[in-house]
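*Asks:* structure, please.
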Amino acid sequence: AARLRCAGAMTRDEGLLREIVQRFEAAGRLLRTTDKGDPVLQCVTASTRAIISTLSIEAKRALAEEKGVEWREGAEKRVVLMPVTDETRDRHGTILSADGWDFRGWEANSAVCAQHRSDLLPIGHGLKIEPARFRGQDGVQRKGHKAHVLFSYGDLNPDAETYYRNWLAGFVRMTSVGFI
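*Replies:* Residues are numbered from 1 along each chain as shown. Here you go, the predicted structure:
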């Protein structure tokens, strides 16, 4: 079974940042640079922008209630659409086929963890997962999956608020699956 996890990291260590940029350039994964020349990196080619879930407000609320997740006024804006998997070769050279995934284990407790840290409070809760098609950096359409994720509320988990705001601003753009 798979668990969805949100990934994204920031560092002020310039040496580490240079090393990361060099590795991404060597792997052809430097997405673009800002107008100031700062690198913008992408680890999962399935997503290049933040997307708010296209489900109706009623559907989002119903899914949250079905999963036993607290629904608050304005929560519909906190439900985002995240790429989960696609058939792009990862940094280890592995391609995960979109066919045959069994998400039942994750759906039973669809916690979304930051940095693969299941020992910390989750930053969100997956409401729904579904098949998707993504266009990679090379322009090729690939099969995959996307999840509608409700970010936790800032008063419950301040880190969730930070990730949510960074997701909307486009600074956090990638997700990663972990296996149990």
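
*Asks:* any residues touching stretch 76-84, and which ones?
*Replies:* 4, 6, 44, 46-47, 50-55, 57, 60-61, 112, 127, 129, 132, 134, 144-151, 153, 164, 167-168, 174-175, 177 (Cβ atoms under 8 Å, 6 or more residues apart in numbering). In short, each C-beta sits where N, CA and C put it, glycine included.

*Asks:* from the residues you listed, which would you call buried?
*Replies:* For the contacts of stretch 76-84, a burial check counting by 16 or more other Cβ atoms under 10 Å picks out 4, 6, 44, 46-47, 50, 53, 55, 60-61, 112, 127, 129, 132, 134, 144-151, 153, 164, 167-168, 174-175, 177.

*Asks:* what sits against residue 153?
*Replies:* Counting by Cβ under 8 Å, 6+ apart, residue 153 has contacts 70, 72, 78, 160-161.

*Asks:* out of those residues, which is nearest to residue 140?
*Replies:* Residue 140 lies nearest to residue 78 out of the contacts of residue 153, by Cβ to Cβ, at 32.0 Å.

*Asks:* look up how far residue 112 lies from the closest one.
*Replies:* Using Cβ to Cβ, to the nearest Å, we find residue 78 at a distance of 12 Å from residue 112.

*Asks:* also residue 68?
*Replies:* From residue 68 to residue 112 the distance is 15 Å (Cβ to Cβ).

*Asks:* coming back round to it: show me the buried ones among the contacts of stretch 76-84 that map onto helices.
*Replies:* Using DSSP state H, the subset of these located in helices is 60-61, 164, 167-168.

*Asks:* mind listing the strands for the protein?
*Replies:* For the chain, the strands defined by DSSP state E cover 2-7, 30-33, 39-41, 79-86, 111-114, 124-135, 141-151, 174-179.

*Asks:* can you put the ones you listed in a markdown table and add distance to residue 103 and mean pLDDT?
*Replies:* Listed next are the strands of the chain as a markdown table, based on distance: least, Cβ to Cβ, whole Å; pLDDT from 0 to 100:
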| stretch | distance to residue 103 | mean pLDDT |
| --- | --- | --- |
| strand 2-7 | 6 | 31 |
| strand 30-33 | 28 | 45 |
| strand 39-41 | 27 | 45 |
| strand 79-86 | 9 | 88 |
| strand 111-114 | 13 | 90 |
| strand 124-135 | 5 | 91 |
| strand 141-151 | 8 | 92 |
| strand 174-179 | 10 | 72 |
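
*Asks:* many thanks, have a good one.
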